[in-house]
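**Q** sequence first, predicted coordinates after that:
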Amino acid sequence: MYARDALAVALRRAGIQLPAMDVRTPWADEARYALVHLGICSAPVAHALAAVITRGASR
């Protein structure tokens, strides 16, 4: 599973969806890792994401 897809699944399970996630490869040599671009999100989604991260970090 690609990192973007794994993150999207985890976020969806937490009730969060980022609308503009994609994968970008800034290098001509694709043997390196790609960057997962999370795009923009609204303030409520950012708060929800922060809450999920905080709950997970406190475990």
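**A** Good, I have the coordinates.

**Q** contacts, neighbours, all on C-alpha from now
**A** Will do.

**Q** what strands line up against the helix or strand of the chain with the lowest mean pLDDT, and which way round?
**A** In the chain, no helix or strand scores lower on mean pLDDT, DSSP states H and E than strand 22-24, which sits at a mean of 74. If you go by DSSP bridges, strand 22-24 pairs up with strand 35-37 (antiparallel).

**Q** buried set for the strand it pairs with?
**A** Going by neighbour count (16 or more other Cα atoms under 10 Å), the buried part of strand 35-37 is V36.

**Q** longest helix anywhere in the protein?
**A** helix 43-57 (DSSP state H).

**Q** using CSV, write out every CA atom in whatever helix or strand L7 lives in.
**A** Using DSSP states H and E, L7 sits within helix 3-13. Coordinates of each C-alpha in helix 3-13 appear next as CSV, following Å, rounded to 0.1, in the frame of the first residue of the first chain:
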residue,chain,number,x,y,z
ALA,A,3,2.0,5.9,2.0
ARG,A,4,-0.7,8.3,0.7
ASP,A,5,-3.3,5.5,0.6
ALA,A,6,-2.4,4.3,4.1
LEU,A,7,-2.7,7.8,5.4
ALA,A,8,-6.0,8.4,3.7
VAL,A,9,-7.4,5.2,5.1
ALA,A,10,-6.2,6.0,8.6
LEU,A,11,-7.7,9.5,8.4
ARG,A,12,-11.0,8.2,7.0
ARG,A,13,-11.2,5.8,10.0
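
**Q** nice, that's everything, thank you.
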